[in-house]
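S.K.: prediction below, plus the sequence it came from.
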Amino acid sequence: MLRGTPTGIWVHVEGDNTPNYNADGYVQSPDVTGSLLGDLKAFLDAAKANNILVTYVLWNGALLRKQQTVNLFWDNAKLQAYIDNALTPMVVHLAGHPALGGWDIINEPEGLVYNNKPDASSCFNTVPIANSGAGWTNLNIPMEHRTSNLKIKKKNRILLFINWQAAAIKAADPDSLTSTKELSKNTGSITKTFVLIILIMSDATKAATRKVLRETWLSTGNEKIKHFFVVGSKGLASEVLENISDENFAFHDMLILNSTSESYTSLTKKVLAGFQWIHSNYNFNFLLKCDDDSFVRISSLLQELEKQPQNLLYWGFFKGGSSVFQKGKWKESEWFLCDTYLPYALGGGYILSSDLIEYLAKSAPLLQQYKSEDVSVGVWLSPLKINRIHDVRFDTEFKSRGCFNDYLITHKQSANDMRIKHNNLFSTGKLCPSELRARYSYNYNWTVPPTKCCKNFDPSLP
C-alpha cells in the first residue's frame, strides 16, 4: 500500500469469520473474539499515520456461499439483528475518524446480472433474467418477488439489503458517507433545494392513515415540497418490517429509522434523528414537523412562508408556563430546569428554518432529551436569539379549537375530517363547510414571563 493513496478494505467479505451468528442465524455481535472494533480502529490509525484514506466495504457480492449471510437478504428480522448488533456498533466506534473515507455496503456486484445460463458474447445478455427471478450468483436472490399474499410483485430484496444498511449507517453517524444515501429511490436529491421539507411522525402500523394523507393534503404535486413519514423499525416483527418496506418501495416517502423503536418515550429521539437525517441528505429552506393526524394547507402555508423571516425562524402556536408532568406517560423524570416548561411550539405542527435544523443536528450529541418532543425543541432553542412567531392559524393543541378558514394546520383530525376538509377546499376554496369554535385562542405575550404569557383568551381570534 502506497503512502497517500485511498484503499478499500473488506470487513465481512462472505461472512466466514464475521459477524458473530448464534445457532438460529441471528447476529449477536461484530465478531466472536470481541476484537473486530479495535482491529478496525487500529487499521485506521495506521492509515492516518501514512496519509491513507480508507473505505470499509462490508460484503463481497461476487460469490455469496454462506447460508447465514444469504439469510440476511430474505429475513428482515435477521438483517435488523445484524444492523443493531454489528453494523451500528462498528459505525459508532469509528465515527469521525479522519482516515475513514466512508462505507461501501457491497463490492463486486456482477452477480446482480448473472442468469445461470452460458453466454459467450462479450456483451452479456441480461434479457433471460427479466422474468426468471434470478439476480444473484447461483443463489436466485431476485430483484423482485411476490409478497406473501401473492397479489403484487414489489419487493426488491437486494436494494432492501443495501438501503437498510446505508440508512442505519447514516442514523448512527449522520456525517458518514455511504454507497447509497437513503431508503427511497430519491438519491442525489441533495443537489436540489426544496422550499419545505415535511416530516410527518407516524408508526409502522398506520398504513391506512398514511394512505389518507397521500390522497388528501399531500396530493398537491407541488415540486417545492418533499414529505417523509418517519417511522421507527427497531424491534418490529418481520412481517411488519416487510409491510413498511413494501409501502416505501411503492411510494418512496418513508424515513425508516432502524435504530429507533416505536413508543411515546422514543418520540423525541425519533424527531431529532429525523432532523439529523434531513440535514445530511437534503438542501431546503424550512422544515415542518407535524403528526399524521394533522391537516396542512400546503399552498397557503407556502404563501405565508414568504412573509416570514427566512432565517432563525421558529413558527407555530406557542405555550408557556405549563406545569411539568409528574406522572403518566408524559412524566418528565429528567426535568430539573424550573417549575414549569419553557416556551415551546406545540407538536401538532411547527416550522423551523434550515439554519435551526442545522444547529440541532450538529448539537444532537449534547442535547438532553425529554419525553415530549415539542417541549424538548423549545428547551434546545431557548438560549438562542431567534424569531419565535406565535400564530393562531396553527390549530395544533392537544384538541382542535374548531374549524376556521384561516387555519393553516389543524391537529387531531380523523380520516373523515381530512377528506371533508380536502374536498371542501377543492370544491369551494374554503377549509370549513361552516366555521365553528370549540375553544378560545390567545395571543402569546412575549413581554412577560411564561407563567403569564397565555392568560388573555380572545373570542375574536380563530
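M.R.: Cool, the structure landed. Numbering: from 1, shown residues only.

S.K.: for residue 10, which non-adjacent residue is closest in space?
M.R.: When the adjacent residues along the chain are set aside, residue 10 lies closest to residue 57, with 5.0 Å between them (CB to CB, 6 or more residues apart in numbering). In this view, the C-beta of every residue, glycine as well, is placed from N, C-alpha and C.

S.K.: the residue most central in space within the chain in helix, strand or coil?
M.R.: With distances taken as CA atoms, centre = their mean, residue 255 lies nearest the centre of the chain, 3.4 Å away. Local secondary structure at residue 255 is given as strand here, using DSSP: H, G, I helix; E, B strand; the rest coil.

S.K.: quickly note the distance from it to residue 13.
M.R.: Using CB to CB, to the nearest Å, we find residue 255 at a distance of 31 Å from residue 13.

S.K.: contacts only, for residue 410.
M.R.: Residues in contact with residue 410 (CB atoms under 8 Å, 6 or more residues apart in numbering) are 294-295, 395, 400, 403, 417, 421, 431.

S.K.: cutoff 6 Å now
M.R.: Applying CB atoms under 6 Å, 6 or more residues apart in numbering to residue 410 gives the contacts 295, 395, 400.

S.K.: phi first, then psi, for it.
M.R.: Dihedral angles phi and psi of residue 410 (degrees, to the nearest 10) take the values phi -130, psi 120.

S.K.: next: the one 4 residues further on.
M.R.: Here the main-chain torsion angles of residue 414 (degrees, to the nearest 10) amount to phi -80, psi 170.

S.K.: could you check how far it is from residue 434?
M.R.: From residue 414 to residue 434 the distance is 18 Å (CB to CB).

S.K.: so which of these two has more stuff around it?
M.R.: Here residue 414 and residue 434 are compared on neighbour count by other CB atoms under 10 Å; more neighbours surround residue 414, at 11 against 8.

S.K.: how about low-confidence regions in the stretch 101-250 of the chain?
M.R.: Confidence mapping of the stretch 101-250 of the chain against pLDDT under 70 gives the ranges 108-157, 178-191.

S.K.: please enumerate the helices of it.
M.R.: Defined through DSSP state H, counting those that start in this stretch, the helices belonging to the stretch 101-250 of the chain, from first to last, are 157-172, 207-215, 238-251.

S.K.: keeping just the C-alphas, turn the second one into CSV.
M.R.: Going back to what we said before, that points to helix 207-215. What follows is the C-alpha trace of helix 207-215 in CSV, where atoms were taken according to Å, rounded to 0.1, in the frame of the first residue of the first chain:
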residue,chain,number,x,y,z
ALA,A,207,-50.6,2.5,6.7
ALA,A,208,-54.3,3.4,6.4
THR,A,209,-53.7,6.8,7.9
ARG,A,210,-50.8,7.4,5.6
LYS,A,211,-53.0,6.5,2.6
VAL,A,212,-55.5,9.1,3.6
LEU,A,213,-52.8,11.8,3.9
ARG,A,214,-51.4,10.9,0.4
GLU,A,215,-54.9,11.2,-1.0
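
S.K.: numbering from 38 from now on, please.
M.R.: That works, and once the first residue is 38, the last one we named lands at helix 244-252.

S.K.: between it and helix 275-288, how big is the angle?
M.R.: Going by axes from the mean of the first three to the mean of the last three CA atoms, to 10 degrees, helix 244-252 is angled at 10 degrees with respect to helix 275-288.

S.K.: how far off centre is helix 244-252?
M.R.: With CA atoms, centre = their mean, to the nearest Å as the basis, helix 244-252 stands 18 Å off its chain's centre.

S.K.: so for it, what gets flagged as buried?
M.R.: Within helix 244-252, the residues that count as buried by 16 or more other CB atoms under 10 Å are 246-247, 249-250.

S.K.: need the contact partners of it.
M.R.: Outside helix 244-252, the residues within contact range by CB under 6 Å, 6+ apart are 266, 284, 329, 452, 455.

S.K.: what about the fourth one, distance to residue 247?
M.R.: For residue 452, the distance to residue 247 equals 11 Å [CB to CB].

S.K.: same deal with residue 415?
M.R.: Distance from residue 415 to residue 247, counting by CB to CB: 27 Å.

S.K.: on that earlier part again, nearest to residue 463 among the contacts of residue 447?
M.R.: Distance to residue 463 across these (CB to CB) is lowest for residue 332, with 13.3 Å.

S.K.: the closest one contacts residue 459, doesn't it?
M.R.: No: in this structure, residue 332 sits apart from residue 459 without contact. The criterion is CB atoms under 6 Å, and the distance is 7.8 Å.

S.K.: the more surrounded of the two?
M.R.: residue 332 (28 against 20).

S.K.: partners of that one in the sheet?
M.R.: On the basis of DSSP bridges, residue 332 is bridged to residue 447.

S.K.: what's the local residue count around residue 375?
M.R.: When counting by other CB under 10 Å, one arrives at 11 neighbours for residue 375.

S.K.: what about it, distance to residue 492?
M.R.: Counting by CB to CB - residue 375 and residue 492 are separated by 19 Å.

S.K.: now for residue 139, how many residues are close by?
M.R.: Summarising burial for residue 139: neighbours were counted as other CB under 10 Å, giving 15.
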